[in-house]
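**Q** turn this into a model:
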Amino acid sequence: MTQSVVSRPLYRLYERHLERGLDSARLPRHIGVILDGHRRYARTQRLPDYAASYREGMAKFEQFIEWSQKIGIETVTGWVLSPQNMTRPESELLPYFEVLKDLFLRLPALADHYDLSLRVIGSLDLLPDDLVRAAKEMEAARSTGTRQLNIAMGYGGQQEIVDAARELMSDLLRAGITPEEIPSKVTRDSLAAHMYLSDLPDAELIIRTSGESRLSGFLLWQSAYAEFSFVDVHWPAFRRVDFLRSLRDFAQRDRRFGQ
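**A** I've put the predicted structure just below:
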């Protein structure tokens, strides 16, 4: 009997222990997750190619969505592709695009089961037309729901703030605000109203896998008072016990919001 088989019941016991200890009133309403470490996982596991790791990673993302919904999380935002990722070789990107398109075909059924609304955020103009079309068809299939799943694709936090500022300026000019009056109209609230997720609560917990301890531009505006959980395992190896530990640590923190 291998060690993994021996340890499996112990992990289930530990999971139940962690879950029983969670206070539902102290869970985050909005979780952001950075799905990091696919390529490193492929190398460490000696997988035949990166595509195998991407498939495992997106299957893990579907599991993560289920975990979060079963425990009552209102909003999940998953970062699957950054503008910087787009500089990688086509030999790496094209298989990933195919895996993402397959994911977008499956997500509406999962969203229907949990009454999730689906949304894609980011600079979609950076992406191939067929990938954008698949994302838009996914959105159209589940445009309403009591909870929200956001897919950040071609997304950069700095660009989001630039886009929000541009939209705010355009709106002010269309409303007849003079250039001299515009600075007084640029406030935290007016800018926040033009962010991609302006209708949703800000992220309260950000989870990043693969041992990296930085945001890399993810939800820069929305994470001002978020708590962070940096997990050592690569994304395809992320376990439910890792998720529950992140929730436990979040619930134990004294969130003072700068006061």
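
**Q** from now on I want contacts and neighbour counts done on CA atoms only, so please keep to that.
**A** OK.

**Q** so for stretch 158-173, mean pLDDT?
**A** For stretch 158-173, mean pLDDT rounds to 96.

**Q** residues in contact with that stretch?
**A** Applying Cα atoms under 8 Å, 6 or more residues apart in numbering, the contact partners of stretch 158-173 are 122, 179, 182, 186, 190-192, 194-196, 217, 220-221.

**Q** centre of the chain to that stretch, how far?
**A** 23 Å (Cα atoms, centre = their mean, to the nearest Å).

**Q** need the residue closest to the centroid of this structure.
**A** Gly78 (1.7 Å; Cα atoms, centre = their mean).

**Q** how about the nearest residue to Asp49, chain neighbours excluded?
**A** Spatially, and ignoring its direct neighbours in sequence, Asp49 is nearest to Ala42 (6.8 Å; Cα to Cα, 6 or more residues apart in numbering).

**Q** doesn't Glu56 make contact with the one you found?
**A** No - the pair Ala42 / Glu56 is not scored as a contact, 9.8 Å apart, by Cα atoms under 8 Å.

**Q** against Gly176, how distant is Ser184?
**A** 14 Å (Cα to Cα, to the nearest Å).

**Q** likewise for Arg55?
**A** Arg55 is 51 Å from Gly176, by Cα to Cα.

**Q** before we move on, back to that, tell me which of Ser184 and Gly176 has more neighbours.
**A** Gly176 (10 against 7; other Cα atoms under 10 Å).

**Q** state the distance from that one to Ser170.
**A** In terms of Cα to Cα, Gly176 sits 10 Å off from Ser170.

**Q** run through the stretch 151-259 of the chain and note the low-pLDDT ranges.
**A** Applying pLDDT under 70 to the stretch 151-259 of the chain flags residues 258-259.

**Q** what about the strands in it?
**A** For the stretch 151-259 of the chain, the strands defined by DSSP state E, counting those that start in this stretch occupy 205-208, 227-230.

**Q** just those strands: most buried one?
**A** Among the strands of the stretch 151-259 of the chain, the stretch with the highest mean neighbour count (mean count of other Cα atoms under 10 Å) is strand 205-208, at a mean of 24.

**Q** now for that one, which elements pack on it?
**A** Secondary-structure packing of strand 205-208 (3 or more Cα pairs under 8 Å, 6 or more residues apart in numbering; DSSP states H and E): strand 30-34, strand 227-230.

**Q** any chance of JSON lines for those strands, columns distance to Tyr50?
**A** Shown next, in JSON lines, are these (distance: least, Cα to Cα, whole Å):
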{"stretch": "strand 30-34", "distance to Tyr50": "18"}
{"stretch": "strand 227-230", "distance to Tyr50": "23"}
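
**Q** no more questions from me, cheers.
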